[in-house]
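Undergrad: predicted coordinates and the sequence they were generated for:
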Amino acid sequence: MRLIQLELYKILAQKVVYLAFVVMVMLYGLFLYGQGESRGERIQALRDTFEQYGGELTKEKEAWADKAWAEYEQAEKAARAKEQSLYDLDSPLWARGWVGNDIKKAVQWGEEQERVTQQLEAMAVGETEGAPGYERKLAEKELAVRRSAGSPDYIFYQEGWRNILMYGQEIGYYFAGALTILGLSGTFSREYTSRMDSLLFSSRYGRTRALGAKLSAAAIYCGMIVGALGGVVLAMNGWLYGLTGWNTRLVNVQDLFHGTAFGGPIWLYFLKQLVYVWLGYTVLGMFVLLISSRTRFLLLPAFLGGLVFLLPAVWQVLSLPISRLNGVVSVLFPYLGFLKLEGLDRIAFVSILGRPVLDGDVLLLRMLAYALVLGLLLYTSIQRRQVS
């Protein structure tokens with residue numbers, strides 16, 4: 001335990017980690033509050049209107065939504081005819097139109113969910129051509145997932161939760177990825193530079209203990225990054241937009257998750273995201289440790305780690321017409337995909353041994369597999385290390 005504490009202290013003693021964290025928080029704060037300040041009156045109008053007309057979806061609210069949306073459309077047409085900006089519309093009127101539209105979309109998504117459910121029920125009992133075999137298993141699985149997730153039935157102001165739940169998939173992975181790489185890039189290289197490797201790695205037992213301590217410290221550090229950034233994003237968005245609806249089902253954040261495979265409340269999905277993200281950053285950290293274990297140069301692990309981390313994004317931007325290499329890049333350098341949580345909540349399946357498995361479960365299996373492989377490679381690298 002003392003060795004783990006020592007390794008964690010070495011990581012946290014780096015001033016660059018704190019500097020990078022402060023800069024990232026400031027950038028996010030400027031973006032969030034700069035955007036919110038310019039429409040503060042509208043945000044308050046929306047919060048007030050959702051408080052008045054939100055809550056459980058009812059027939060009365062559906063009727064009100066039709067009237068509110070019709071009123072907004074008339075005002076919008078009049079504004080366009082006068083070549084006025086839509087931002088010149090009265091804030092309460094604009095807010096009623098927003099809330100009315102959210103209610104109408106919730107009804108539409110519910111109807112769509114019912115239609116898809118009926119089709120899946122027919123396939124699950126074999127009433128549709130091609131239903132037997134894997135297709136039937138797939139229909140049964142998807143039907144169970146959709147029933148668990150449900151359809152939108154609660155109306156609330158979603159802006160805060162949209163920002164919180166999408167932070168890690170839009171920009172947060174760059175912030176946390178940079179902190180992971182900066183904090184862990186010198187883990188082994190510092191030992192080699194200071195000649196401490198002759199003490200730590202002089203025996204197989206010492207190598208094993210040192211490696212275990214460094215891996216544990218790296219995992220704890222990644223958890224601290226995830227917790228700190230997640231807490232900042234939660235607090236900032238909660239202060240500006242509120243956290244109403246935190247205990248409703250995820251499907252009620254309908255603009256993003258109307259087709260989700262997750263059947264639990266919003267707060268539980270947020271925690272699930274944090275756990276998956278922590279594992280993804282830990283896998284990235286293990287890759288950086290592997291590079292650090294092979295070099296004395298402190299900057300090389302940071303450079304190569306950043307390069308491998310960003311390569312899939314750069315490759316996608318370049319859009320090179322080499323389709324065969326796309327799969328190779330995603331397999332060899334999956335870290336960005338791990339941190340963006342691709343497929344965590346969507347209703348999509350992969351066939352494994354003839355059984356349909358959700359993309360989110362496959363993502364977890366992939367991360368665990370990469371962690372195991374990197375752990376073995378790191379262990380082999382340390383065991384073969386020639387003490388200087």
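TA: Done, it's in.
Undergrad: hey, let's count contacts and neighbours off CA atoms from now on
TA: OK.
Undergrad: with just CA atoms, put stretch 1-11 into CSV.
TA: Backbone C-alpha positions of stretch 1-11 (Å, rounded to 0.1, in the frame of the first residue of the first chain) are rendered in CSV as follows:
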residue,chain,number,x,y,z
MET,A,1,0.0,0.0,0.0
ARG,A,2,2.8,2.4,0.8
LEU,A,3,4.4,1.7,-2.5
ILE,A,4,1.1,2.6,-4.3
GLN,A,5,0.9,5.8,-2.3
LEU,A,6,4.5,6.6,-3.3
GLU,A,7,3.8,6.0,-7.0
LEU,A,8,0.6,8.1,-6.8
TYR,A,9,2.5,10.9,-5.1
LYS,A,10,5.0,10.9,-7.9
ILE,A,11,2.2,11.3,-10.4
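Undergrad: got the buried residues for that stretch?
TA: 4, 7-8, 10-11 (16 or more other Cα atoms under 10 Å).
Undergrad: quick check: mean pLDDT of it?
TA: Across stretch 1-11, pLDDT averages out at 86.
Undergrad: about what we covered before: redo the buried residues of stretch 1-11 as TSV? Include distance to F338 and secondary structure.
TA: Below are the buried residues of stretch 1-11 laid out as TSV (distance: Cα to Cα, whole Å; DSSP: H, G, I helix; E, B strand; the rest coil):
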residue	distance to F338	secondary structure
I4	26	helix
E7	25	helix
L8	24	helix
K10	26	helix
I11	23	helix
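Undergrad: could you dump those residues into JSON lines and include distance to D66?
TA: Below are those laid out as JSON lines (distance: Cα to Cα, whole Å):
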{"residue": "I4", "distance to D66": "61"}
{"residue": "E7", "distance to D66": "61"}
{"residue": "L8", "distance to D66": "58"}
{"residue": "K10", "distance to D66": "61"}
{"residue": "I11", "distance to D66": "57"}
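Undergrad: next, the contact list for F309, please.
TA: 177, 284, 333, 335-336 (Cα atoms under 8 Å, 6 or more residues apart in numbering).
Undergrad: convert the C-alpha atoms of the strand or helix carrying it to CSV, please.
TA: F309 is part of helix 299-318, with elements assigned from DSSP states H and E. The C-alpha coordinates for helix 299-318 follow below in CSV (Å, rounded to 0.1, in the frame of the first residue of the first chain):
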residue,chain,number,x,y,z
LEU,A,299,8.9,13.3,-23.8
LEU,A,300,8.8,10.3,-26.1
PRO,A,301,5.9,8.5,-24.2
ALA,A,302,3.9,11.7,-24.2
PHE,A,303,4.5,12.3,-27.9
LEU,A,304,3.8,8.7,-29.0
GLY,A,305,0.8,8.4,-26.7
GLY,A,306,-0.7,11.6,-28.0
LEU,A,307,-0.1,10.5,-31.6
VAL,A,308,-1.7,7.1,-31.1
PHE,A,309,-4.6,8.6,-29.2
LEU,A,310,-5.4,11.2,-31.9
LEU,A,311,-4.6,9.0,-35.0
PRO,A,312,-8.1,7.7,-35.5
ALA,A,313,-9.5,11.3,-35.4
VAL,A,314,-6.9,12.5,-37.9
TRP,A,315,-7.4,9.5,-40.1
GLN,A,316,-11.1,10.2,-40.2
VAL,A,317,-10.6,13.9,-41.1
LEU,A,318,-8.2,12.9,-43.9
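Undergrad: and it, how far from the chain's centre?
TA: From the chain centre to the centre of helix 299-318 is a distance of 19 Å (Cα atoms, centre = their mean, to the nearest Å).
Undergrad: ok, stretch 209-217 next?
TA: 27 Å.
Undergrad: helices of the stretch 1-150 of the chain, residue ranges please.
TA: Here the stretch 1-150 of the chain has its helices, by DSSP state H, counting those that start in this stretch, at 2-12, 15-37, 40-53, 59-81, 91-124, 134-149.
Undergrad: need the next SSE after the last one, C-terminal direction.
TA: This means helix 134-149. strand 154-155.
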